[in-house]
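Quick one: sequence plus predicted model below, questions after.
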Amino acid sequence: MHLTVKILNGEECTLAASPSSLVSDVKEQVQALLSIPVADQKLLFKGKALLDAKPLKDYGVEDSCKITLVVKKSTLKTLDSSNPTSPQVPSPTEPERPVWEKMRVFLRRHFRERDVEAVLQEFKKEFERNLYSLSLDDIERFAITKLRQA
C-alpha cells in the first residue's frame, strides 16, 4: 500500500508499506526521504499518536491514507542552546516576557533569592517540554473546553 506522510509545514512524501509494517519502519523511511531523525518524528493518524512498536493495521491505516508528521523541537533546541539569543533564555537586550517576571515575583515569596533564578530556569524548561509534547488531541480538547465556556 502507498501512504502519504505530510509535515505540518506543507511538505509531504509518499512511501510504500504493508499493513503489518511497524510504525518505526515508516519513521525510518521518512528519515531516508526527508532527512528528519527518527527520534524527532511523531506520527499521527486521525489525531492519534502512533506508537513505534505497533503495526499500521492496529490504527486502521489503509492504502492511500495520509499520516501527519510532527517534527519535535529537541534537535532544534539542542542546536539553539549554544546561541545566546535562543528563545529559552532571553538575551540581555531582549525583554523578558511578563509572565516570567510575574513568576519570578511569586517565586521570591517562596524561595531564597539565590534559588529563584535556578527554579525559574527549570520551570521554563519543563514548561517548554510539556508545550512541545502536546498532541493534536490535547489541543482539540483544550479548544473545545474553551469554546464551550465562551
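Noted; the coordinates are in hand. All values derive from a computational prediction rather than experimental measurement. Residues are numbered from 1 along each chain as shown.

Just checking, which helix or strand succeeds the one helix or strand in the chain whose mean pLDDT sits lowest along the chain?
Here the helix or strand of the chain ranked lowest by mean pLDDT, DSSP states H and E is helix 74-80, holding a mean of 46. Following helix 74-80 in sequence order, the next helix or strand is helix 98-108 (DSSP states H and E).

As a check, name the ranges of all helices in the chain.
Per DSSP state H, the chain carries helices over the ranges 23-34, 74-80, 98-108, 113-132, 136-149.

okay if I get those helices as CSV plus mean neighbour count and distance to residue 40?
Where you see a C-beta, it was placed from the backbone N, CA and C, and this is true even at glycine. Listed next are those as CSV, based on neighbours: other CB atoms under 10 Å; distance: least, CB to CB, whole Å:
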stretch, mean neighbour count, distance to residue 40
helix 23-34, 17, 9
helix 74-80, 13, 5
helix 98-108, 13, 27
helix 113-132, 12, 11
helix 136-149, 10, 17
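
Might you list the low-confidence residue ranges for this protein?
Low-confidence segments of the chain (pLDDT under 70): 73-96.

okay, now the domains of it?
Listed domain ranges for the chain are 2-72, 76-149 (source: automatic domain parsing).

Tell me how far the last one lies from the chain's centre.
In other words, domain 76-149. Remark: domain 76-149 is offset 15 Å from the chain centroid, using CA atoms, centre = their mean, to the nearest Å.

what's the answer for the shortest one, then?
What separates the centre of domain 2-72 from the centre of its chain is 15 Å, taken as CA atoms, centre = their mean.

Tabulate the helices of the chain in CSV, adding columns for distance to residue 63.
Shown next, in CSV, are the helices of the chain (distance: least, CB to CB, whole Å):
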stretch, distance to residue 63
helix 23-34, 14
helix 74-80, 32
helix 98-108, 47
helix 113-132, 32
helix 136-149, 23
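
Out of those helices, which is closest to residue 66?
helix 23-34 (12.5 Å; CB to CB).

Show me what the closest one is packed against.
strand 2-7, strand 12-16, strand 41-45, strand 66-71 (3 or more CB pairs under 8 Å, 6 or more residues apart in numbering; DSSP states H and E).

Just send those back as JSON lines, with mean neighbour count too.
Formatted as JSON lines, these follow (neighbours: other CB atoms under 10 Å):
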{"stretch": "strand 2-7", "mean neighbour count": "17"}
{"stretch": "strand 12-16", "mean neighbour count": "14"}
{"stretch": "strand 41-45", "mean neighbour count": "19"}
{"stretch": "strand 66-71", "mean neighbour count": "18"}
